[in-house]
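Chemist: below are the sequence and a predicted model; questions follow.
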Amino acid sequence: MASLATNSRSSMLTNDQISSFHENGFLIVENAVTRNQLKKLSTEFESWVETSRGESAPFGVTLDHRPRFDLEPGHSAEKPALRRVSSPVEISLAYQDVMSNSVMLDAVAELIGPNVKFHHSKINSKLPGAKTAVKFHQDFLFTPHSNDSLITALLFIDDVTMDNGPLEVVPGSHKGPLHQLWHDGVFTGAVSDDALASIQQQIISCTGPAGAVCLMHTRLLHGSAPNRSDQSRTLFICVYSSADSQPLSPNPVPNEFDQHIVRGKASDQIRCVNYQMIRPELPTGASFFNQQAEAK
């Protein structure tokens, strides 16, 4: 198995932070990248937004021949609405560097390491006035593995506020049931209305400065609202697993770095946990936003 692994670093999370992650299912860590890394990420994304002004439909191509750049309905040259870049680590050394060599990854390794594999990456952006909302779901049901030692790392490229569509989570829900994403024979990519009603009072927003990261357990219930501000909210998202966790479904964002070791070493062990779920439906469009929208 190919490796991008670098040497492990000294401990950077406190015992209280580690305990908080395991108790609540998420942890926000500031200064997860250097200023230089953050500037490069922001500049690269801004260049893709500029490119998108000349496009009228999702464009580019990924390993599975789907569009790499997804545009929100209503996108125009005057008001670009680039909302997803699939696998930016394949086309940008700046994003590849952060994925494999950053404080963000150091923190992930302290929570599920020391041996860590990369699974996939993407950028989810809500430019000013973006109407896209992410319905509540658990990532694990999109990316089932033999065990649930997976973390979704959501790096804030912009300041994330209460008004620009922050990540919304249900603390402790990673310890609860898996909420199926299939309803009446349709893969909706979202929990049922009944499940959503039962968690409404528990939802909290995750805000923080650019350069912070929200480390989220793969079973944590989460979603996000539209951007109601004039400020962008862009997240660089990387999914990592422990080296002894094996995927049980095709990668929804296939990429050349899938299963590469990014911390420690490969494992000959396969660790399993007991659970049941229905296999996810792989996206055929530019992103899972289309799956959620089509299931209305």
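Modeler: Good, I have the coordinates.
Chemist: hang on, Gly189 packs against Leu181?
Modeler: Yes - assessed by CB atoms under 8 Å, Gly189 is found in contact with Leu181 at 5.4 Å. Backbone N, C-alpha and C define where each C-beta goes, glycine included.
Chemist: mutual contacts of those two, please.
Modeler: Residues touching both Gly189 and Leu181 (CB atoms under 8 Å, 6 or more residues apart in numbering) are His137, Phe142.
Chemist: in the chain, which spans are helices?
Modeler: Along the chain, counting by DSSP state H, helices occupy 15-24, 35-52, 93-100, 103-112, 193-199, 288-294.
Chemist: what's the most buried one of these?
Modeler: Here the criterion is mean neighbour count by mean count of other CB atoms under 10 Å, and of the helices of the chain the winner is helix 103-112, at a mean of 23.
Chemist: that one - what's its average pLDDT?
Modeler: When pLDDT is averaged over helix 103-112, the result is 98.
Chemist: elements contacting it?
Modeler: In this structure, helix 103-112 packs against helix 15-24, strand 26-29, strand 116-126, strand 150-156, strand 213-217, strand 233-242, strand 261-263, with contacts taken as 3 or more CB pairs under 8 Å, 6 or more residues apart in numbering; DSSP states H and E.
Chemist: gap between it and the chain center?
Modeler: 15 Å (CA atoms, centre = their mean, to the nearest Å).
Chemist: which residues outside that helix are in contact with it?
Modeler: Applying CB under 8 Å, 6+ apart, the set of residues contacting helix 103-112 is 8-9, 11-13, 18, 21, 27, 29, 31-33, 98-99, 116, 149-151, 153, 155, 213, 215, 238, 240-242, 262-264.
Chemist: again, 6 Å this time
Modeler: Contact with helix 103-112 is made by 9, 12-13, 21, 29, 32, 116, 149, 151, 153, 155, 213, 240, 242, 263, as judged by CB atoms under 6 Å, 6 or more residues apart in numbering.
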